[in-house]
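[1] next come a sequence and a model predicted from it.
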Amino acid sequence: MVYVKFLAAIGLIGSIGWAIAAPGFESALAVIGSITALISACLAGKRKAQRAQQHQSVSESSIGVQAGGDVNIGSIGGDKHAE
């Protein structure tokens, strides 16, 4: 993710240089777009870091199931151990 932030910063610097050298509608849109890209890259990195914090504790004879979303555990074909 660092390289995306780096490329967004380089794009912002380049678009600011373009806006200074040739002011106009296109160069202004390039500055706005590169600012948006840099902000999005920073926010996406923070959101990804928050989502990665998961913790799970199970006892010795248990099996833990951990996923990024909802998990449904059930027996579709019937319980084979109940026979």
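    Yes, it's here.
[2] quick one: least confident helix or strand in the chain?
    Of all helical and strand segments in the chain, the minimum by mean pLDDT, DSSP states H and E falls on helix 25-51, at a mean of 85.
[3] that helix packs against which elements?
    Counting contacts by 3 or more C-beta pairs under 8 Å, 6 or more residues apart in numbering; DSSP states H and E, helix 25-51 packs against helix 2-21. Any C-beta I mention is one placed from the backbone N, CA and C, and that applies to glycine too.
[4] what sits up against the helix it packs on?
    Counting contacts by C-beta atoms under 8 Å, 6 or more residues apart in numbering, the residues outside helix 2-21 that touch it are 27-28, 30-31, 33-35, 37-38, 41-42, 45.
[5] top of those residues by neighbour count?
    Of all the contacts of helix 2-21, the most densely surrounded is S34 (21 neighbours; neighbours counted as other C-beta atoms under 10 Å).
[6] for that residue, give its distance to G17.
    Distance from S34 to G17, counting by C-beta to C-beta, to the nearest Å: 11 Å.
[7] cool, I35 as well?
    Separation of I35 from G17 (C-beta to C-beta): 14 Å.
[8] same question, V4
    Distance from V4 to G17, by C-beta to C-beta: 20 Å.
[9] of the two, which one has the most company?
    V4 (15 against 12).
[10] quick check: pLDDT value at E60.
    pLDDT, the model's per-residue confidence, is 76 for E60.
[11] check the one 3 residues further on too.
    With respect to pLDDT, I63 scores 74.
[12] tell me how many other residues crowd it.
    The number of residues packed near I63 is 6, by other C-beta under 10 Å.
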